[in-house]
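Chemist: Generate a structure from the sequence data that follows.
(chains A and B)
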Amino acid sequence: MNIPVVLLGLIVLAGFFLWSLYNGLVTLRMRVKEAWSGIDVQLKRRADLIPNLVETVRGYAKHEREVFENVTKARSALMAAKSPVQAAEANGQLATALKSLFAVAENYPELKASQNFLELQQQLGDTEDKVAYARQFYNTVVLDYNTKIKVFPNVFFAQALGFAEEEFFEAEEGERKKLEVKFT
Amino acid sequence: MGLFMAFITLAAYIFGQTSGYGLSWAGTALIFSGFISLGSYYWGDKLVLLTSGARPANPKKDFNFYTVAENLAMGAGVPTPKLYVIDDTAPNAFATGRDPEHAVICATSGLLSKLDRVELEGVLAHELSHIKNFDTRLMGIVAVLVGMVAFLSDWFMRSLWWGGRRDREGRNNLGGLLVLLGVIFAILSPLVATLIQLALSRRREFLADASGTLLTRYPEGLARALEKISQDREVLEAATNATAHLYIVNPFKGKDFSAWFSSLFDTHPPIMERVKILRSM
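Modeler: Numbers count the residues shown, from 1 in each chain, chains lettered A, B, ... in the order given. This next block holds a predicted model:
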């Protein structure tokens, strides 16, 4: 066979391989970005529910200032977060502060019975679920993307084509710590 | 699926050869069956909802149903399906739709009131998995093929009765054998086709159980839900034979399913087996 023809054929094949590899990786990376914005949407939604919740609880439990301050501070931190790492940390802080808030609410039977509070509690619970599912989806697409970058033979070309590994959204230290319940 | 197609091709070939009409028969039967099933493919979900008397789900009244479906769709990365509720105290649910963009999930009010949020999550994850695995599309194609087999065998038998064979020359001995084969096939093939269809349906039910668990990471939710549903002996009034295979649990519970033979005709695997597999995950 003609050596130049064979060589040309191989180059064309390699070209097609790189083309499809690049497109595949771009698609997966876009999906990762979209999944991240999905988490962001749910975190913002949760942050939006907080002021309403604080006001409702404050209506019944005016003296629990510390708890309100913690929740409001954590919420501001979440809104101000600029990077995924900051967001995850603020998220953990907010979760802890909210747990304290709900623990406090247990002492006020009128509050617990109020329709407003019950609805907010339900909605907040659902938003926590949504954050969890958004994170699960994000981790799933990150897994697909990272795997495609690392398998043979893609691993040799991925970096050259400009694709780096993405981080999983893992539970922050704050969320993993056990909540200390203080009865004062 | 491949085995099924091979079986049908064989049946069509035998019918065609013995009747002397050749393969054009198989083609006509396929087109006929295809038209009917194409209709059900595109309008099937509306039809089922109409015949079942379903109303759209209300985000406030059906909070758990609505939000759990939303959350699962987010976890799966598909658009939230349209949600409907059937007012019936028998607990059951079904999913239909040709792809995730045109999907519908329907639950009975009985299901929504009897299951807690975690169990509902298991059930809805199973239904969503049916949509994600394109099971409606698959069973639709299978229905086309089964219909085609039924048409072919029916026409073949009729042609024998009316004596519609065209060429009578040079086919004496072989012809007799082929006619016999053709008759046997004509009688058995609709039955075999239906059995294969039901076996496929049971397989996909197991697959939906597994895919749903992958989504929720909590097989116990679905296991508990299935147990609760199986303990309820009420028959779902809205279900018909045509829609039975769509439901999460066989809606016709009055029948006696203990015999192995009759269990071949179940569209769903036995609940206890499903629960056992879920608990072993």
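Chemist: In contact with B:Ala223, which residues are there?
Modeler: Neighbouring residues of B:Ala223 by CB atoms under 8 Å, 6 or more residues apart in numbering or on different chains: B:Gly122, B:Arg274, B:Val275, B:Leu278, B:Arg279. For the C-beta atoms, the positions are set from N, CA and C on the backbone; glycine is no exception.
Chemist: restrict those residues to contacts with chain A.
Modeler: Among these, no residue is within reach of chain A (CB under 8 Å from any CB of the partner chain).
Chemist: hmm, which of the residues you listed are the buried ones?
Modeler: B:Gly122, B:Arg274, B:Val275, B:Leu278 (16 or more other CB atoms under 10 Å in any protein chain shown).
Chemist: which ones among those residues are found in helices?
Modeler: In this view, these that belong to helices under DSSP state H are B:Gly122, B:Arg274, B:Val275, B:Leu278.
Chemist: Need the per-residue pLDDT for the third one.
Modeler: Reading off the confidence values, B:Val275 has pLDDT 88.
Chemist: got the phi/psi numbers for whichever residue of the stretch 1-150 of chain B sits closest to chain A?
Modeler: Closest residue of the stretch 1-150 of chain B to chain A, CB to the nearest CB: B:Gly75 (3.8 Å). Per-residue torsions, B:Gly75: phi -60, psi -30 (degrees, to the nearest 10).
Chemist: Not counting sequence-adjacent ones, nearest residue to it?
Modeler: Of all residues not flanking B:Gly75 in the chain, A:Tyr133 sits nearest, at 3.8 Å (CB to CB, 6 or more residues apart in numbering or on different chains).
Chemist: pLDDT wise, what is the residue of chain A found nearest chain B at?
Modeler: When scored by CB to the nearest CB, chain A has A:Tyr133 as its residue closest to chain B, at 3.8 Å. Turning to A:Tyr133, the model gives it a pLDDT of 90.
Chemist: Enumerate the positions of whichever strand or helix holds it that are buried.
Modeler: Assessed by DSSP states H and E, A:Tyr133 sits inside helix A:115-150. For helix A:115-150, the neighbour count (16+ other CB under 10 Å) marks A:117, A:120, A:123-124, A:126-127, A:129-131, A:133-142, A:145-146, A:148-149 as buried.
Chemist: That one packs against which elements?
Modeler: helix A:3-60, helix A:84-105, helix A:154-161, helix B:63-76 (3 or more CB pairs under 8 Å, 6 or more residues apart in numbering or on different chains; DSSP states H and E).
Chemist: Buried deepest among those, which one?
Modeler: Greatest average neighbour count among the helices and strands packed on helix A:115-150 goes to helix B:63-76 (a mean of 22), per mean count of other CB atoms under 10 Å in any protein chain shown.
Chemist: List the contacts of that helix.
Modeler: With contact meaning CB under 8 Å, 6+ apart, helix B:63-76 is reached by A:38, A:122, A:126, A:129-130, A:133-134, A:136-137, B:57-59, B:79-81, B:83, B:85, B:105, B:107, B:112, B:117, B:120-121, B:124-125, B:128, B:132, B:215-216.
Chemist: B:Arg202 - nearest residue in space that isn't next to it in sequence?
Modeler: In space, and not counting its chain neighbours, B:Arg202 is closest to B:Pro269: 4.8 Å by CB to CB, 6+ apart.
Chemist: cool, B:Pro91 as well?
Modeler: Leaving aside its sequence neighbours, B:Pro91 sits nearest to B:Leu111 (CB to CB, 6+ apart; 4.0 Å).
Chemist: Show me what from the stretch 101-250 of chain B comes close to chain A.
Modeler: Residues of the stretch 101-250 of chain B found near chain A (CB under 8 Å from any CB) are B:Arg217.
Chemist: what about the stretch 101-250 of chain B, any weak spots by pLDDT?
Modeler: Along the stretch 101-250 of chain B, the parts satisfying pLDDT under 70 run over B:161-175, B:233-250.
Chemist: Going by residue numbers, what spans are helices in it?
Modeler: Taking DSSP state H, counting those that start in this stretch, the helices of the stretch 101-250 of chain B run over residues B:109-114, B:117-132, B:135-162, B:172-216, B:219-231.
Chemist: what about B:Lys60, is that helix, strand or coil?
Modeler: Classification of B:Lys60 using DSSP: H, G, I helix; E, B strand; the rest coil returns coil.
Chemist: Please report the number of neighbouring residues for it.
Modeler: 7 (other CB atoms under 10 Å in any protein chain shown).
Chemist: likewise A:Glu66?
Modeler: 11.
Chemist: need the contact list for it.
Modeler: For A:Glu66, no residue meets the contact criterion (CB under 8 Å, 6+ apart).
Chemist: coming back round to it: tell me which of the helices and strands packed on helix A:115-150 lies nearest to B:Gly97.
Modeler: helix B:63-76 (12.5 Å; CB to CB).
Chemist: near chain B, which residues of chain A show up?
Modeler: Close to chain B, as judged by CB under 8 Å from any CB, chain A has residues A:31, A:35, A:38, A:122, A:126, A:129-130, A:133-134, A:136-137, A:140-141.
Chemist: nearest to B:Val179, of the residues you listed?
Modeler: Within the residues of chain A next to chain B, distances to B:Val179 taken as CB to CB reach their minimum at A:Thr140, with 57.4 Å.
Chemist: Look up the closest residue to that closest one, ignoring the ones flanking it.
Modeler: B:Gly77 (7.6 Å).
Chemist: Go through the ones in helices among the buried ones among the contacts of B:Ala223 and say which is closest to B:Leu138.
Modeler: Distances from B:Leu138 to those, taken by CB to CB, are shortest for B:Arg274, at 19.5 Å.
Chemist: thought the closest one was touching B:Arg202?
Modeler: No. The pair B:Arg274 / B:Arg202 is not scored as a contact, 10.0 Å apart, by CB atoms under 8 Å.
Chemist: how far away is the residue lying closest to A:Gln121 once chain neighbours are set aside from B:Arg217?
Modeler: Excluding the flanking residues, the one nearest A:Gln121 by CB to CB, 6+ apart is A:Phe102, at 7.5 Å. As for A:Phe102, its distance to B:Arg217 is 25 Å (criterion: CB to CB, to the nearest Å).
Chemist: Redo the helices and strands packed on helix A:115-150 as a markdown table? Include distance to B:Ala210 and mean pLDDT.
Modeler: Shown next, in a markdown table, are those (distance: least, CB to CB, whole Å; pLDDT from 0 to 100):
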| stretch | distance to B:Ala210 | mean pLDDT |
| --- | --- | --- |
| helix A:3-60 | 23 | 88 |
| helix A:84-105 | 31 | 81 |
| helix A:154-161 | 28 | 85 |
| helix B:63-76 | 14 | 92 |
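Chemist: With distance to B:Met148 as new columns, can those be given to me in a markdown table?
Modeler: Listed next are the helices and strands packed on helix A:115-150 as a markdown table, based on distance: least, CB to CB, whole Å:
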| stretch | distance to B:Met148 |
| --- | --- |
| helix A:3-60 | 37 |
| helix A:84-105 | 54 |
| helix A:154-161 | 44 |
| helix B:63-76 | 34 |
